[in-house]
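>>> Kindly return the folded structure for what I paste below:
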Amino acid sequence: MRRSRRRKRTVDAHREGSTVVVNIPASMSRAQEQHWVEEMLRRLERADARRRPGRRAGDADLAARADALAAAHLDPIAPDGAWPRPALVRWTKPMRTRWASCTPADATIRLSERLRDVPGWVLDHVLVHELVHLREPHHGPAFRAAEAAYPRSERAIGYLEGLAAGAGLPITDTDGGDADEDDD
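Residues are numbered from 1 along each chain as shown. All right, here's what the predicted structure looks like:
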């Protein structure tokens, strides 16, 4: 917590490494200080949850997210009006060469724990990619057309390529992995 004589009314907070710094006016009482520290910590937590939804997401959260993505992006382009839904969506230990995998035969989707810290739009792309595998097992033209229904796919692929290169990961198939292949 930092008090400032120049600061008159505003309060802000930011992270410096693993420490949260709350800046407040020097004229605030201890009760006001306590209120604003708690409030700013809540705001930072909410912002973190929006930016990195995978950090706290459990398997049920992933399944709900996948269902919402299918409804928003894939159901409208499905010839029969509804995209297949996964029977199970779960986190798995970090995969050696993939971000995720899908097994259409049993409708399961597995996401690498490495994705817990990516922005929500990147996680959403990977989920959409794997959802498309439920109907299109290979990366052909029909697959690519369905995957493009998610508007930030191209940008997410670039993010994942950069993440893999920056971390020295051997992940070269940045578009999520082939169906029926599990690299656990």
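>>> Can you list the helices and strands that the longest helix anywhere in the chain packs against?
The single longest helix within the chain, with elements called by DSSP state H, is helix 30-51. Secondary-structure packing of helix 30-51 (3 or more C-beta pairs under 8 Å, 6 or more residues apart in numbering; DSSP states H and E): strand 12-16, strand 19-25. All C-beta atoms are positioned from the backbone trio N, CA, C, and that covers glycine.
>>> List the buried residues in that helix.
Within helix 30-51, the residues scored as buried using 16 or more other C-beta atoms under 10 Å are 33, 36-37, 40.
>>> Among these, which pair sits farthest apart?
E33 and M40 (10.7 Å; C-beta to C-beta).
>>> Export the helices and strands packed on helix 30-51 as JSON lines, with columns for distance to H129.
Formatted as JSON lines, the helices and strands packed on helix 30-51 follow (distance: least, C-beta to C-beta, whole Å):
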{"stretch": "strand 12-16", "distance to H129": "31"}
{"stretch": "strand 19-25", "distance to H129": "35"}
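>>> before we move on, the earlier item: and the angle from the longest helix of the chain to strand 19-25?
130 degrees (axes from the mean of the first three to the mean of the last three C-alpha atoms, to 10 degrees).
>>> For helix 30-51, which outside residues touch it?
If you take C-beta atoms under 8 Å, 6 or more residues apart in numbering as the criterion, helix 30-51 is touched by 1, 11-13, 15, 20, 22, 24, 28, 55-56, 119-120.
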